[in-house]
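Peer 1: Prediction below, plus the sequence it came from.
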Amino acid sequence: MPYLKLSSACLAYGHVPLLDHADFLLDPGERVALIGRNGTGKSSMLAAMAAGSGRGRLDDGEVWVQPGIRVGYVPQEPPFDAEASVFEAVISGMGENSALLAEYHEVSHQLGEADADHDVLLERMSELQHELEARGAWAYEAQAERVIERFGLDPEAKVGSLSGGQKKRLALAQALAVAPEVLLLDEPTNHLDIAAIEWLENLLIESGVTLFFITHDRSFLDRVCTRIVELDRGKLASYPGSFKEYQVRKEAQLHEEGLANARADKLLKEEEVWIRKGVEARRTRAVFRVQRLDQLRAERQARRERMGKVNLQLDAGDKSGKLVAELEHVFKSYGQRQIVRDFSTRIQRGDKIGLIGPNGAGKTTLLRLILDEIKPDSGIVRQGTKMDIAYFDQFRTQLDPNSTLSDVISPGSDWVEIGGAKKHVIGYLEDFLFAPERARSPVSSLSGGERNRLLLARLFAKPANVLVLDEPTNDLDIETLELLEELLQTYQGTLFLVSHDRTFIDNVVTQTIAAEGDGTWQEYAGGYSDWAAYKASLSKQAPKQKADAKPVAKAAEPVKAKGEKLSWKEQRELEELPGKIAGLESEQLALSKRLEDGSLYQTDPAAAQKASERLAAIDEELMTLLERWEGLEARAGNPA
């Protein structure tokens with residue numbers, strides 16, 4: 001029996017249906033991800049399901065919840081009382097027991113105060129104990145204390161004093177405190193750093209809780225979900241398996257849909273030509289054609305096209321100097337806390353650098369040192385020449401909520417200049433999927449994803465040869481993320497990227513600067529996965545080195561320019577690697593072609609599953625071989 005069921009759900013804002021007679025089942029033990037473009041109604045659907053049995057927030061249809069099960073819900077921006085303590089916020093979802101537990105917690109603290117009336121407090125504590133025992137509420141308090149400890153929160157801290165990441169942890173703790181059988185999560189990775197996201201992945205998988213969640217984090221999707229459901233033009237489509245398997249099947253499905261629409265459009269065009277020629281329509285055959293034309297027109301009018309793609313263009317402008325920045329033995333502290341300790345680096349034009357580290361490690365401080373926005377306590381910072389810097393701020397402080405969209409893009413003018421060509425501001429906004437009638441709407445009317453798109457539009461409206469992106473992926477849908485990746489891969493300027501999206505970092509940057517703790521920063525070749533692999537190899541080698549007392553070569557060390565002589569065996573391995581890689585790529589291409597039309601999933605699901613698993617294995621094998629090839633080439637001093 002399913003835990004949750006959505007039946008013939010209808011929901012619309014204005015004339016656009018977000019849910020168009022949609023159906024959905026959530027079975028016990030599933031971890032289902034809901035994906036789709038920004039503005040398609042994912043959060044509205046999740047909120048309707050969280051509202052419980054009946055129509056709730058739907059226009060029509062119903063939500064059914066299995067009687068007796070507990071459902072936890074974490075919205076994208078959870079509402080909290082800023083003056084409440086963390087403990088009070090966590091237990092606030094426990095119904096009538098919340099007030100009793102909160103009072104008991106408060107009385108126990110007052111007893112520790114020297115000037116308190118202990119007799120009155122002890123009497124009240126005794127009354128509360130009896131009432132809580134009668135309700136069986138002690139288990140709730142114990143559960144609340146466990147999740148607070150598990151999430152690393154201070155139970156006495158005021159909610160208003162917490163950071164964005166801590167508030168997200170608090171919201172998750174509040175949902176888990178009632179030990180739910182079903183957990184509904186809306187963008188759970190927003191505001192969390194990479195370490196916290198990986199911790200959350202493990203927690204959700206190990207807990208065994210049934211999940212229905214919204215996320216655009218592709219690494220999180222691949223690790224956590226057992227099924228993907230896509231909301232597209234009001235309908236829900238289910239895709240069992242990982243995100244990579246979804247991509248293969250979705251591409252095949254869109255290809256078939258495109259062919260079918262093209263055939264229907266061609267037939268409609270031919271019939272429109274026929275009817276305009278004045279062919280007699282009174283004969284039986286002609287009457288049939290007239291009726292078919294009416295049906296084709298109705299079908300074409302009812303067809304909802306997929307939302308268009310964002311048209312991203314980025315003008316790097318004039319080249320900066322070859323040197324962008326050079327830091328030598330830089331130190332920076334705030335009070336007693338060391339943010340940057342003895343850091344040196346040289347950044348050149350065209351470098352794409354990712355900064356990774358936990359929240360509060362000092363990524364923004366290091367960026368500001370590199371860009372000469374703040375001065376170091378000691379050390380030397382040299383700046384390059386001819387730099388035009390564009391800055392994407394994760395908090396969107398550059399957006400005035402009362403300004404219109406057109407004023408944000410081009411204040412005081414109706415035109416923007418992109419790559420030397422003028423474009424009307426309304427046409428430019430359409431490139432970022434903003435309808436013409438919204439050009440005069442205030443920024444305050446936009447969703448989180450739309451504000452990020454607007455900020456990107458503002459950023460790209462002016463030439464920049466140095467681009468600083470601080471968490472640009474928050475709230476962006478997967479399709480827009482992939483387009484942004486393609487744009488940044490071909491960008492000719494210098495890029496600094498701070499992001500918690502591991503896939504985005506891997507696909508964009510060429511090197512990373514990672515926080516190692518205690519103000520130490522280290523530069524590595526490659527993206528997040530390369531850094532993580534190197535760290536994993538170090539942790540594996542450490543016990544062996546201790547036992548053998550012999551140094552072990554570091555498998556993924558930062559690349560050094562100096563060459564070294566390879567052994568005969570390594571030289572032979574280096575010569576054979578291109579052939580092995582080519583063979584795997586050929587097998588990968590053959591399997592992709594076999595799966596791309598989608599028919600194999602219908603005729604032989606077992607073979608399709610086997611082929612999909614082999615494709616995933618080939619990806620891992622290719623990555624291993626490529627890393628080995630690059631490592632051997634680097635040691636030999638050859639260009640990889």
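Peer 2: Done, it's in.

Peer 1: contacting residues around residue 424?
Peer 2: Going by Cβ atoms under 8 Å, 6 or more residues apart in numbering, residue 424 touches 414-415. For the C-beta atoms, the positions are set from N, CA and C on the backbone; glycine is no exception.

Peer 1: Got the phi and psi for it?
Peer 2: phi -70, psi 140 (degrees, to the nearest 10).

Peer 1: what do you get for residue 237?
Peer 2: Recorded main-chain torsions at residue 237 are phi -120, psi 140, according to degrees, to the nearest 10.

Peer 1: What's the separation between it and residue 227?
Peer 2: Residue 237 sits 11 Å away from residue 227 when distances are taken as Cβ to Cβ, to the nearest Å.

Peer 1: Which one of the two is surrounded by more residues?
Peer 2: residue 227 (17 against 14; other Cβ atoms under 10 Å).

Peer 1: What's opposite the more buried one in the beta bridge?
Peer 2: Residue 227 has these beta-bridge partners by DSSP bridges: residue 32, residue 240.

Peer 1: wait, isn't it in contact with residue 239?
Peer 2: Yes: taking Cβ atoms under 8 Å as the definition, residue 227 is a contact partner of residue 239 at 6.9 Å.

Peer 1: tell me which element residue 320 falls in.
Peer 2: Residue 320 is part of no helix or strand, with elements assigned from DSSP states H and E.

Peer 1: Name the SS class of residue 422, please.
Peer 2: At residue 422, secondary structure determined by DSSP: H, G, I helix; E, B strand; the rest coil is strand.

Peer 1: how about it, what does it touch?
Peer 2: Residue 422 touches 415-416, counting by Cβ under 8 Å, 6+ apart.

Peer 1: Next one: it from residue 413, what distance?
Peer 2: For residue 422, the distance to residue 413 equals 10 Å [Cβ to Cβ].

Peer 1: Could you report the neighbour count for residue 313?
Peer 2: Quick note: residue 313 (other Cβ under 10 Å) scores 13 neighbours.

Peer 1: ugh, typo on my part, it should be residue 585
Peer 2: 12.

Peer 1: now swap in residue 240 and tell me
Peer 2: Neighbour count for residue 240, taken as other Cβ under 10 Å: 16.

Peer 1: What is the neighbour count of residue 390?
Peer 2: 19.

Peer 1: now swap in residue 132 and tell me
Peer 2: Using other Cβ under 10 Å: residue 132 sits among 18 other residues.

Peer 1: Can you point out the helix or strand that includes it?
Peer 2: helix 118-135.

Peer 1: Show me what counts as buried in that helix.
Peer 2: Neighbour counts over helix 118-135 (16 or more other Cβ atoms under 10 Å) mark 121, 124-125, 128, 132 as buried.

Peer 1: Next: stretch 516-529.
Peer 2: Applying 16+ other Cβ under 10 Å to stretch 516-529 flags 519, 521, 523-529 as buried.

Peer 1: what does stretch 434-446 contact?
Peer 2: Taking Cβ under 8 Å, 6+ apart as the rule, stretch 434-446 contacts 399-406, 408, 425-426, 429-430, 450-451, 453-454, 457.

Peer 1: switch the cut-off to 7 Å
Peer 2: For stretch 434-446, contacts defined as Cβ atoms under 7 Å, 6 or more residues apart in numbering pick out 399-406, 408, 425-426, 429-430, 451, 454.

Peer 1: Spatially central residue for this structure, please.
Peer 2: Against the mean C-alpha coordinate of the chain, by Cα atoms, centre = their mean, the closest residue is residue 217 at 2.9 Å.

Peer 1: mind listing what that one touches?
Peer 2: With Cβ under 7 Å, 6+ apart, residue 217 has these contacts: 189, 501.

Peer 1: what's the spacing between it and residue 49?
Peer 2: Taken as Cβ to Cβ, the span from residue 217 to residue 49 is 21 Å.

Peer 1: related to what we said a few turns ago, quick check: PyMOL command selecting the buried ones in the contacts of stretch 434-446.
Peer 2: Buried members of the contacts of stretch 434-446, defined by 16+ other Cβ under 10 Å, are picked up in PyMOL with:
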select buried, resi 399+404+405+406+408+425+426+429+430+451+454
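
Peer 1: What about the contacts of stretch 434-446, which are in helices?
Peer 2: Counted as lying in helices by DSSP state H, out of those, are 405-406, 408, 425-426, 429-430, 451, 454.

Peer 1: Could I get the buried residue list for stretch 251-269?
Peer 2: Residues 252-253, 268 are the ones in stretch 251-269 that count as buried (16+ other Cβ under 10 Å).

Peer 1: got the contact list for the residue lying closest to residue 323 once chain neighbours are set aside?
Peer 2: In space, and not counting its chain neighbours, residue 323 is closest to residue 384: 4.5 Å by Cβ to Cβ, 6 or more residues apart in numbering. Residues in contact with residue 384, defined by Cβ under 7 Å, 6+ apart, are 320-321, 323-325.

Peer 1: ChimeraX command to pick out the buried ones of those?
Peer 2: Filtering those down to the buried ones (16+ other Cβ under 10 Å) takes a single ChimeraX command:
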select :320,324,325
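
Peer 1: Between the contacts of residue 384, which sits nearest residue 335?
Peer 2: Among the contacts of residue 384, residue 325 lies closest to residue 335 (Cβ to Cβ), at 25.8 Å.

Peer 1: so the closest one makes contact with residue 370?
Peer 2: Yes: assessed by Cβ atoms under 7 Å, residue 325 is found in contact with residue 370 at 4.9 Å.

Peer 1: which residues are in contact with both of these two?
Peer 2: In contact with both residue 325 and residue 370: residue 347, using Cβ under 7 Å, 6+ apart.

Peer 1: re earlier: can you name every helix or strand that the helix holding residue 132 contacts?
Peer 2: Packing partners of helix 118-135 (3 or more Cβ pairs under 7 Å, 6 or more residues apart in numbering; DSSP states H and E): helix 97-110.

Peer 1: gap between the very next helix or strand once past the helix holding residue 132 and the chain center?
Peer 2: Helices and strands here follow DSSP H and E; after helix 118-135, the next one along the chain is helix 138-150. Relative to its chain's centre, helix 138-150 lies at 29 Å (Cα atoms, centre = their mean, to the nearest Å).
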